[in-house]
Each structure stands twice: as structure tokens, then as C-alpha cells.
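Trainee: 3D model of this:
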Amino acid sequence: MPFMVVYLIGEHMSNIQTRHVFAEVRMSFEITRVGTSTEVTERAWAAGFFDGEGYIGIRGDNHCLVASITQVGTIDNPPDTLIRFQYVIGFGDIKPKPDKRENRQPTWEWKITSRMRVYRMLDCIGPYLSAEKLAQACNALERWNNRVRLWKKEVARWH
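Mentor: Numbering: from 1, shown residues only. The predicted structure is shown next:
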């Protein structure tokens with residue numbers, strides 16, 4: 001069944017107004033949107049999903065601030081959960097994650113690397129995250145901000 005959205009128009013519920021079929025993935029869930037209750041439910045779902053599967057921190061030698069979720073999918077299609085998460089958050093890239101080891105199932109990653117997008121994601125799902133995941137996010141943002149301050153001091157010494 002395709003992904004369907006029902007909107008509340010005026011004071012009464014209309015028939016299905018909008019039908020959105022994702023070309024790459026056939027969604028198997030249905031959302032009924034009445035006011036903001038479904039938006040809250042979807043954000044809470046996204047927070048729970050990110051709580052269990054997500055990562056937020058500093059990655060790589062370039063010390064990039066990253067929020068990501070990695071899931072197993074098929075060779076051609078990312079998992080429905082990643083697409084649903086991307087839809088709820090409203091941004092982020094879903095790409096195959098290469099793994100050179102043999103006999104591995106294909107993995108896909110939703111990822112953002114912009115500090116502002118990390119803040120926007122936390123604005124969206126932060127109220128529903130666990131204390132542990134919020135602490136992880138605060139730690140990553142604090143480390144990133146400290147790194148930026150140190151970098152600015154280093155640049156100032158050069159001039």
C-alpha cells in the first residue's frame with residue numbers, strides 16, 4: 001500500500017486529499033494527519049528510532065560533526081525506516097554505505113554533517129529523545145564548539 005496522507009481541512013475531515021507514492025520504495029504504512037497530533041506522533045517515533053539506532057558525534061580526521069543512522073537494506077533500496085525518518089525530519093542524505101568485507105548485506109546510511117542541520121534535527125525530535133541521547137548530543141556539540149574556539153585561536157596566532 002502506498003504512503004497516504006489525510007489532511008484536516010476546515011472543521012471536517014475530507015476524503016483522501018493527497019496521495020504520495022515514493023518511486024524508490026513502496027511504503028507499507030499509512031498516516032492519518034489530523035491537526036498536529038500525527039506530527040507529534042511521527043516526531044516521537046523518529047526520536048525513538050534515532051535513540052535506538054542513531055549516532056551523533058565527531059567523526060573522522062577532519063573532526064566533522066555528524067548525525068547518522070545506519071540500517072541494512074537491499075542492494076537497490078534503502079530501508080523504509082530510513083525513508084520515513086528522512087520524511088519526518090525533512091532533510092538528510094540516504095546513501096549506500098560501502099563495506100568491502102565479504103558476505104555482508106548492503107547497508108544504507110542517513111546522514112547530516114552540517115552543524116545547523118544537527119540543531120534543526122534536535123529542534124524537531126529533541127523533546128522526545130532519551131536523557132542518554134541528549135547527553136550524547138550535548139557532548140558532541142560541546143566538543144565541536146571547543147574545537148572551533150581552539151581553531152580560531154590558532155588562526156589568530158598566524159596573523
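Trainee: spatially nearest residue to Gln105 (excluding sequence neighbours)?
Mentor: The shortest distance from Gln105 to any non-neighbouring residue, by C-beta to C-beta, 6 or more residues apart in numbering, is to Val72 (4.7 Å). C-beta: built from backbone N, CA, C; applies to glycine.
Trainee: what residues are up against that neighbour?
Mentor: Pro79, Gln105, Pro106, Thr107, Trp108 (C-beta atoms under 8 Å, 6 or more residues apart in numbering).
Trainee: would you list the phi and psi of it?
Mentor: The phi/psi pair for Val72 (degrees, to the nearest 10) reads phi -80, psi 140.
Trainee: quick check: bridge partners of it?
Mentor: Applying DSSP bridges to Val72 gives these bridge partners: Thr107.
Trainee: state the distance from it to Leu82.
Mentor: With the distance defined as C-beta to C-beta, to the nearest Å, Val72 ends up 10 Å from Leu82.
Trainee: quick check: neighbours shared by the two?
Mentor: Trp108.
Trainee: returning to what we had before: go ahead and build a PyMOL selection from the buried members of the contacts of Val72.
Mentor: With 16 or more other C-beta atoms under 10 Å as the criterion, this PyMOL line picks the buried residues out of those:
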select buried, resi 79+108
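Trainee: closest to Gly60 out of the contacts of Val72?
Mentor: Using C-beta to C-beta, Thr107 comes nearest to Gly60 of the contacts of Val72, at 17.9 Å.
Trainee: Lys95 is in contact with the closest one, correct?
Mentor: No: taking C-beta atoms under 8 Å as the definition, Thr107 is not a contact partner of Lys95, at 10.1 Å.
Trainee: shaky segments in the chain?
Mentor: For the chain, the stretches flagged by pLDDT under 70 are 1-37, 61-62, 159.
Trainee: report all helices and strands that the helix ranked longest in it contacts.
Mentor: In the chain, with assignment by DSSP state H, the single longest helix is helix 131-158. Applying 3 or more C-beta pairs under 8 Å, 6 or more residues apart in numbering; DSSP states H and E, we find helix 131-158 packed against helix 37-53, strand 54-59, strand 64-72, helix 115-125.
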